[in-house]
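**Student:** Model the following, please.
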Amino acid sequence: MDTPIVNEIMKKLGKLPDNLQRRVLTYVEALQIPATRGASGQQLLQFAGAIPKEDLTIMQEAIEKGCEHVDINEW
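**Tutor:** Next up, the predicted model:
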């Protein structure tokens, strides 16, 4: 492939030390891996109602108790 962008990348890449060139190679290889998709809503419907209502209430209470408070000294 011989395009202006590729040529510019090659010029700049050639000026980098080997360790950074290897990082660029790793990055480019990662870009070529197709993004994985999550499950569709249709596939997840089979789990609807799997958690008992009582457990959901306990979970909700724990979230409200533990997550709705700000500790200004934490940071």
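**Student:** Only C-alpha atoms from now on, for both contacts and neighbour counts.
**Tutor:** Noted.
**Student:** What's the mean pLDDT across the strand or helix carrying residue 31?
**Tutor:** Using DSSP states H and E, residue 31 falls within helix 18-32. Summarised as a single mean, pLDDT over helix 18-32 is 93.
**Student:** what packs against that helix?
**Tutor:** Applying 3 or more C-alpha pairs under 8 Å, 6 or more residues apart in numbering; DSSP states H and E, one finds that helix 18-32 contacts no other helix or strand.
**Student:** Show the subsequent helix or strand relative to that helix.
**Tutor:** helix 41-44.
**Student:** tell me the mean pLDDT for the helix or strand that that following helix is followed by?
**Tutor:** From helix 41-44 onward toward the C-terminus, using DSSP H and E, the following helix or strand is helix 53-67. Averaging pLDDT along helix 53-67 gives 89.
**Student:** buried residues in helix 53-67?
**Tutor:** Judged by neighbour count (16 or more other C-alpha atoms under 10 Å), helix 53-67 contains no buried residues.
**Student:** CA-only coordinates of it, as CSV, when you get a sec.
**Tutor:** C-alpha atoms of helix 53-67 as CSV (Å, rounded to 0.1, in the frame of the first residue of the first chain):
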residue,chain,number,x,y,z
LYS,A,53,-37.2,-10.9,44.1
GLU,A,54,-36.0,-11.1,47.8
ASP,A,55,-32.4,-11.1,46.6
LEU,A,56,-33.0,-8.2,44.3
THR,A,57,-34.4,-6.2,47.3
ILE,A,58,-31.3,-7.1,49.4
MET,A,59,-29.0,-6.0,46.5
GLN,A,60,-30.9,-2.8,46.0
GLU,A,61,-30.7,-1.9,49.7
ALA,A,62,-27.0,-2.6,49.8
ILE,A,63,-26.4,-0.4,46.8
GLU,A,64,-28.4,2.4,48.2
LYS,A,65,-26.7,2.2,51.6
GLY,A,66,-23.2,1.9,50.2
CYS,A,67,-23.2,3.9,47.0
